[in-house]
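# need a structure here:
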Amino acid sequence: MASFQYRAYDAGGRLVSGQLDSATRETALDALRRQGADRKSVV
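Numbers count the residues shown, from 1 in each chain. Purely as a prediction, here's the structure:
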């Protein structure tokens, strides 16, 4: 499992950042979408 750093806008429009552990970048993006975040970057 890999760790991905992200920056995204939450449902309220605030810029948030954090780290996700996920098998792939695509599953990390899916996890952010399910949380209602609009991604800015995932690396």
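# Show me what counts as buried in stretch 27-43.
The neighbour-count check on stretch 27-43 (16 or more other C-beta atoms under 10 Å) flags 28-29, 31-32, 37, 42 as buried. All C-beta spots, glycine's among them, are computed from the backbone N, C-alpha and C.
# For Ala31, which residues are in contact?
By C-beta atoms under 8 Å, 6 or more residues apart in numbering, the contact list for Ala31 reads 20, 22.
# Please enumerate the strands of this structure.
2-9, 15-22, 38-42 (DSSP state E).
# I'd like the ones you listed as JSON lines, with mean pLDDT appended.
As requested, the strands of the chain are exported to JSON lines (pLDDT from 0 to 100):
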{"stretch": "strand 2-9", "mean pLDDT": "93"}
{"stretch": "strand 15-22", "mean pLDDT": "94"}
{"stretch": "strand 38-42", "mean pLDDT": "80"}
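# and among the ones you listed, the most buried is which?
strand 2-9 (a mean of 15; mean count of other C-beta atoms under 10 Å).
# what helices or strands is that one leaning on?
With contacts taken as 3 or more C-beta pairs under 8 Å, 6 or more residues apart in numbering; DSSP states H and E, strand 2-9 sits against strand 15-22, helix 25-34, strand 38-42.
# Which of those sits closest to Ala2?
Among the helices and strands packed on strand 2-9, strand 15-22 comes nearest to Ala2, with 6.6 Å by C-beta to C-beta.
# what pairs with that closest one, and is each one parallel or antiparallel?
strand 2-9 (antiparallel) (DSSP bridges).
# how near is Ala8 to Leu29?
Using C-beta to C-beta, to the nearest Å, Ala8 is found at 10 Å from Leu29.
# Overlap in contacts, these two.
Joint contacts of Ala8 and Leu29 (C-beta under 8 Å, 6+ apart) are Arg39.
# Closest to the centroid, which residue in this protein?
Closest to where the C-alpha atoms of the chain average out (C-alpha atoms, centre = their mean) is Leu32, at 4.1 Å.
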